[in-house]
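What would the 3D arrangement of this be:
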Amino acid sequence: MGRYLCRTTIKSKRTFLNGLKQTGGYKKKEQLRGTDDIIRRGTFRVLQEASSYLRESYRMAVRYSLMEEAREIESLYLLCDLLAQSILHAPRGYKPVGGTTSVKEDDLNKLLEFDASLTDIVETIKEKTGEVRTAILQKDVDGLGSAISTLRVKLNELETLMKRRDALLDGIM
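From the prediction side, this is the model:
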């Protein structure tokens, strides 16, 4: 009886795999999605690190009684956390099974390139969080205001890019 079950499962697996071969590049598409996930997870980690720098800067600003700047920094680290989560949990470009259209490999390549381009701005954001921290440590209020406004511009730019990613997916889907 054990052999019968084993043969049945192997036969059903073969049938399943044969069905996958007919989907046209399924493995390649999954590899692209997996690569995209790795890129987005790396981007998420860098943005999460930037957010932790902002939290530390927030605590230092409160300690030095820079309350107005502390409120600004708090809103920035909340936005940074929100963007990090939206990057981590961004859609992967799937179509419903049995749908009338499918996601093409070229579209997944565009998505992969787009997500890879996010790493540049995220690295810049991380650098800017370091400038905020340095300005607080040096008690340079003017430099801190400038660093905060520059960081806000970069975070808003990332937010706009994430909306463009959603629009790109809408075009795919």
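
tell me the secondary structure for residue 92?
What DSSP: H, G, I helix; E, B strand; the rest coil gives for residue 92 is coil.

Quick one, grab the pLDDT at the closest residue to it other than its chain neighbours.
Leaving aside its chain neighbours, residue 92 sits nearest to residue 33 (5.0 Å; criterion: C-beta to C-beta, 6 or more residues apart in numbering). The way it works is simple: take the backbone N, C-alpha and C, and place the C-beta from them, glycine included. Note for residue 33: predicted pLDDT of 85.

ok, residue 33 - how many residues close by?
Per other C-beta atoms under 10 Å, the neighbour tally for residue 33 reads 17.

That one is in contact with residue 105, isn't it?
No: judged on C-beta atoms under 8 Å, residue 33 makes no contact with residue 105 at a distance of 10.8 Å.

for the chain, which helix is longest?
Scanning the chain for the longest helix, with DSSP state H as the assignment, gives helix 26-63.

Point out the other helices and strands that that helix packs with.
helix 67-88, helix 105-137 (3 or more C-beta pairs under 8 Å, 6 or more residues apart in numbering; DSSP states H and E).

what separates the shortest one from the chain centre, distance-wise?
Shown here is helix 67-88, whose average C-alpha point lies 15 Å from the average C-alpha point of the whole chain (C-alpha atoms, centre = their mean, to the nearest Å).

Right, I'll leave it there.
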